[in-house]
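J.: when you get a sec, could you give me coordinates for this:
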Amino acid sequence: MDQPSGRSFMQVLCEKYSPENFPYRRGPGMGVHVPATPQGSPMKDRLNLPSVLVLNSCGITCAGDEKEIAAFCAHVSELDLSDNKLEDWHEVSKIVSNVPQLEFLNLSSNPLNLSVLERTCAGSFSGVRKLVLNNSKASWETVHTILQELPDLEELFLCLNDYETVSCPSICCHSLKLLHITDNNLQDWTEIRKLGVMFPSLDTLVLANNHLNAIEEPDDSLARLFPNLRSISLHKSGLQSWEDIDKLNSFPKLEEVRLLGIPLLQPYTTEERRKLVIARLPSVSKLNGSVVTDGEREDSERFFIRYYVDVPQEEVPFRYHELITKYGKLEPLAEVDLRPQSSAKVEVHFNDQISSAQPAELATSPVRPPSLTKDDQEAAVSIPCSLGRVCRVVVPTASGYLWKEHEQCVPRRRVT
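T.: Here you go, the predicted model:
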């Protein structure tokens, strides 16, 4: 059901967290408590809210009574206002300025691009450490203003904002550790490198679902741009060259990479993709969310050598020569057929003479080793089994030889 328009933050807060709609439950930060107060006290019927408030999709357009916000929300540390109708930064400022302990703020899917964020308003966000502006269409000018006024900002989410370029501010933001900027349209590396200039302390960079087509940067420059980068996601980017993957080795602290859904890897099998990428990235300890064990790394590096062993020298990647130095040249893996034998050579011993028969077909099954049937015996010795007894039948198997007694045999004959 659609929410009515023009609702205030305070109105929605009281409705959602009233004792009737949100009864008290035991436990820290859970439920709503109505404190006992003297009759006629101004605090009568006021609510002690949990520290995490979720007010998404409530049709909020304005703040409401600021004194009420301050009275109720002094202890609130996380606030989700996503998917509302807030379009004026001044109204957002009225809310946030009265939540002094606020560290996490989600303003996703509010039409905040319809107003300009002034520095005086942005100053009310100064204590926020994690800010989510997904699908807010926030301009880079707005982002710059926020960065100037949030000295402790550590995590910033700018997804789904239709960015095609990146605008650098006049000063860097040294506090930011994590940047999510997925689902935009950043195709050129010259735009991505600006993020390294803006956020020199960046630890995690999530670029998934952009259309980045190449990493065009000298190796030494990459190390200077992202000196602290530990994790990068290039999921569903447009990378098409192994040279782009090799470039990732230039990040001196890189440990984790996500590379699913890129054009480069489409022609390969799932096993080939993982092993070839692991072998090219010796410092990466986690690929696509899965830990790379020492055993998997060695298997991948040996696979890499064998994969390129027959490739012309001018096409062999540099990593191949590094691994040859480590393991030496490896022979191709032997092809071992573990399927049960279907035939065997039969020798007939009769009256101290040995004669050979045509290879006999063996009756086999997945759960029983090869053995000669009665018809096989008759075909091998050309004498009906009904005329006597056989001493033994010896049949080679994958684990050695099978010696099996038979009821019907040829007299004084041993089939081996």
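
J.: run through the residues that contact residue 292.
T.: Contacts for residue 292 (CB atoms under 8 Å, 6 or more residues apart in numbering) come out as 278, 284-286. Yep, even glycine has a C-beta here, placed from its N, CA and C like the rest.

J.: select only the buried ones of these in ChimeraX?
T.: In ChimeraX syntax, the buried subset of the contacts of residue 292 is picked out as below (16 or more other CB atoms under 10 Å):
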select :278,284
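
J.: and the contacts of residue 292, which is closest to residue 329?
T.: The nearest member of the contacts of residue 292 to residue 329, counting by CB to CB, is residue 278 at 20.3 Å.

J.: among the contacts of residue 292, which one sits closest to residue 124?
T.: The closest of these to residue 124 turns out to be residue 286 (CB to CB; 38.2 Å).

J.: dig out what the residue nearest to that closest one when sequence neighbours are not counted forms beta bridges with.
T.: Sequence neighbours aside, residue 256 is the residue nearest to residue 286 in space, at 4.3 Å (criterion: CB to CB, 6 or more residues apart in numbering). Counting by DSSP bridges, residue 256 is bridged to residue 231, residue 286.

J.: tell me where the stretch 151-300 of the chain has strands.
T.: Per DSSP state E, counting those that start in this stretch, the stretch 151-300 of the chain carries strands over the ranges 155-157, 178-180, 204-206, 231-233, 256-258, 286-287, 290-291.

J.: name the strands paired with the second one and say parallel or antiparallel.
T.: According to DSSP bridges, strand 178-180 has the following sheet partners: strand 155-157 (parallel), strand 204-206 (parallel).

J.: any chance of those strands in JSON lines, with mean pLDDT too?
T.: JSON lines is the format used below for the strands paired with strand 178-180 (pLDDT from 0 to 100):
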{"stretch": "strand 155-157", "mean pLDDT": "99"}
{"stretch": "strand 204-206", "mean pLDDT": "99"}
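
J.: how about a markdown table for those strands, with distance to residue 173 added?
T.: Output for these, formatted as a markdown table (distance: least, CB to CB, whole Å):
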| stretch | distance to residue 173 |
| --- | --- |
| strand 155-157 | 9 |
| strand 204-206 | 14 |
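
J.: dump those to TSV, plus mean neighbour count and distance to residue 132.
T.: Listed next are those as TSV, based on neighbours: other CB atoms under 10 Å; distance: least, CB to CB, whole Å:
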stretch	mean neighbour count	distance to residue 132
strand 155-157	20	4
strand 204-206	19	13
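
J.: of those strands, which approaches residue 148 most closely?
T.: Nearest of the strands paired with strand 178-180 (CB to CB): strand 155-157, 13.3 Å.
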